[in-house]
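Enquirer: Just the structure for this:
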Amino acid sequence: MHGKEPKPSMACCSGLQQLAGTVKTVDDKKNICRGLKNGVKALVGVQDRFLSQIPAVCNIKVWFPVSLNRNCETIH
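Expert: Predicted structure coming up:
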């Protein structure tokens with residue numbers, strides 16, 4: 001995800017799958033979105049084109065487009 005690898009590691013996908021399995025409410029979705037955006041900010045060189053592919057690569061449903069520019073407050 002940091003630009004050196006075109007896809008997340010198996011460990012990353014596993015963690016995201018577990019996290020996605022905890023979603024019960026709209027607030028959960030918003031919190032996950034916020035957490036992902038804040039976490040990505042800490043990584044240098046993250047490319048949005050790779051970030052947006054994570055749901056498909058990791059076989060998870062995230063209920064919103066994954067993007068550096070996503071407004072988490074508009075998730076419903």
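Enquirer: The residue nearest to C33 when sequence neighbours are not counted: what's it in contact with?
Expert: Nearest in space to C33, with sequence neighbours left out and distances taken as CB to CB, 6 or more residues apart in numbering, is C72 at 3.6 Å. Where you see a C-beta, it was placed from the backbone N, CA and C, and this is true even at glycine. For C72, the contacting residues are K30, C33, R34, K37, F64, by CB atoms under 8 Å, 6 or more residues apart in numbering.
Enquirer: Contacts for the helix or strand encompassing the fourth one next, please.
Expert: It refers to K37. For K37, the element it lies in under DSSP states H and E is helix 26-41. If you take CB under 8 Å, 6+ apart as the criterion, helix 26-41 is touched by 1, 19-20, 22-23, 46, 51, 62-64, 66, 68, 70, 72-73, 75-76.
Enquirer: Show me which positions of that helix end up buried.
Expert: By neighbour count with 16 or more other CB atoms under 10 Å, helix 26-41 contains the buried residues K29, K30, I32, C33, L36, K37, V40.
Enquirer: What distance do you get for the second one to G45?
Expert: Note on K30: its distance to G45, by CB to CB, to the nearest Å, is 26 Å.
Enquirer: And the fourth one, by the same measure?
Expert: The span separating C33 from G45 equals 21 Å under the rule CB to CB.
Enquirer: Then the first one?
Expert: Distance of K29 to G45, computed by CB to CB: 27 Å.
Enquirer: Toward the C-terminus, what is the element adjacent to the worst-scoring helix or strand of the chain on mean pLDDT?
Expert: Using mean pLDDT, DSSP states H and E, the weakest-scoring helix or strand in the chain turns out to be helix 48-51, at a mean of 83. Next along the chain after helix 48-51, taking DSSP H and E as the criterion, comes helix 54-58.
Enquirer: tell me what that following helix is packed against?
Expert: On a contact count with 3 or more CB pairs under 8 Å, 6 or more residues apart in numbering; DSSP states H and E, helix 54-58 meets helix 10-20.
Enquirer: Contacts for the helix it packs on, please.
Expert: M1, P8, I32, I54, V57, C58, N59, I60, K61, V62.
Enquirer: how about the residues you listed in CSV, adding pLDDT and distance to G15?
Expert: Listed next are those as CSV, based on pLDDT from 0 to 100; distance: CB to CB, whole Å:
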residue, pLDDT, distance to G15
M1, 48, 12
P8, 84, 9
I32, 88, 12
I54, 88, 11
V57, 92, 13
C58, 92, 9
N59, 92, 13
I60, 90, 10
K61, 85, 15
V62, 81, 13
